[in-house]
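[1] no sequence on this one, just coordinates:
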């Protein structure tokens, strides 16, 4: 922070001014007390309050996550339902193969491949997502596309497995044998029960979209929460790193709680009265 030419006296004064000469537990408790009031400390890299940098970055990731969620979840549920309705059919094989491929390819590899096709060859989208000239939806397409493809396969496979299991259940077979229209059987009986297992997986994707997208945000220079977490780690910006870690924990606990409560509401067998 002070540079390579600082004197020992300057370093000692800086440590005292920033409280680094106090015990670790005392510093952490003081930081927790400030966090409750919205004071995360001073960023060592940006030389401004942590909250001035943290909240805009968190909002950027929120925009990206909302875009990915709005596209990925309906597509993956639809694909899983179509594949699970007729297990072993041609459509099931195609969707299952595509899901396995998208899940198997790591994010950095799909980022390079999609950037080569849509940026270099076709020139449809910009190469970076810096948003330096204000919000541009086109700059959101490439990182969102990578994340949608990666998350699509996992959710679709879970939905397909759950749907295939429900289609073999007695109440679905009975409804079909009674002559109920197949579409009505799917919408009124099969779909709701098939959503029980994938619901937890879908909700937990929120946590992944917050702090698990570091590679994608870094690759496309998207100024989001994941990129900020990486910057704080590389520059040893301790207050920024603490704030990012705390936000990640809060979101992880919150999404897990929502998943548990929602699972109980969808599945009456696990409700506690």
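    Perfect, thanks for sending it. On a predicted model such as this, the values are computed, not experimentally measured, just so you know. Numbers count the residues shown, from 1 in each chain.
[2] Touching, residue 251 and residue 208? I think so.
    No. Between residue 251 and residue 208 there is no contact under C-beta atoms under 8 Å: 10.2 Å. From N, CA and C alone the C-beta is placed, and that goes for glycine too.
[3] Could I get the full set of helices for the chain?
    With DSSP state H, the ranges of helices along the chain come out as 8-17, 24-36, 50-85, 90-104, 107-115, 137-167, 170-177, 182-185, 191-194, 196-211, 214-219, 225-235, 238-266.
[4] angle of the fourth one against helix 107-115?
    When you say that, I think you mean helix 90-104. For helix 90-104 against helix 107-115, the angle by axes from the mean of the first three to the mean of the last three C-alpha atoms, to 10 degrees is 110 degrees.
[5] what do you get for the third one?
    When the same axes, to 10 degrees is applied, the directions of helix 50-85 and helix 107-115 differ by 80 degrees.
[6] low pLDDT regions in the stretch 101-250 of the chain?
    Counting by pLDDT under 70, the ranges of the stretch 101-250 of the chain that qualify are 132.
[7] Out of the helices of the chain, the one nearest residue 126 is which?
    helix 137-167 (5.3 Å; C-beta to C-beta).
[8] Between helix 196-211 and the closest one, find me the angle.
    Using the same axes, to 10 degrees: helix 137-167 against helix 196-211 is 160 degrees.
[9] For the residue nearest to the spatial centre of the chain, which non-adjacent residue is closest in space?
    For the chain, residue 209 is the residue whose C-alpha lies nearest the centre (C-alpha atoms, centre = their mean; 1.1 Å). In space, and not counting its chain neighbours, residue 209 is closest to residue 65: 3.8 Å by C-beta to C-beta, 6 or more residues apart in numbering.
[10] now residue 158
    residue 198 (4.5 Å).
[11] Count the neighbours of the residue nearest to residue 209 for me.
    Using other C-beta atoms under 10 Å as the criterion, residue 65 is surrounded by 20 other residues.
[12] got it, and residue 144?
    The number of residues packed near residue 144 is 25, by other C-beta under 10 Å.
[13] right, and the residue nearest to residue 158 touches residue 155 too?
    Yes. Contact status for residue 198 versus residue 155: in contact at 6.2 Å, counting by C-beta under 8 Å.
[14] where do the contact lists of these two overlap?
    Residues touching both residue 198 and residue 155 (C-beta atoms under 8 Å, 6 or more residues apart in numbering) are 77, 80.
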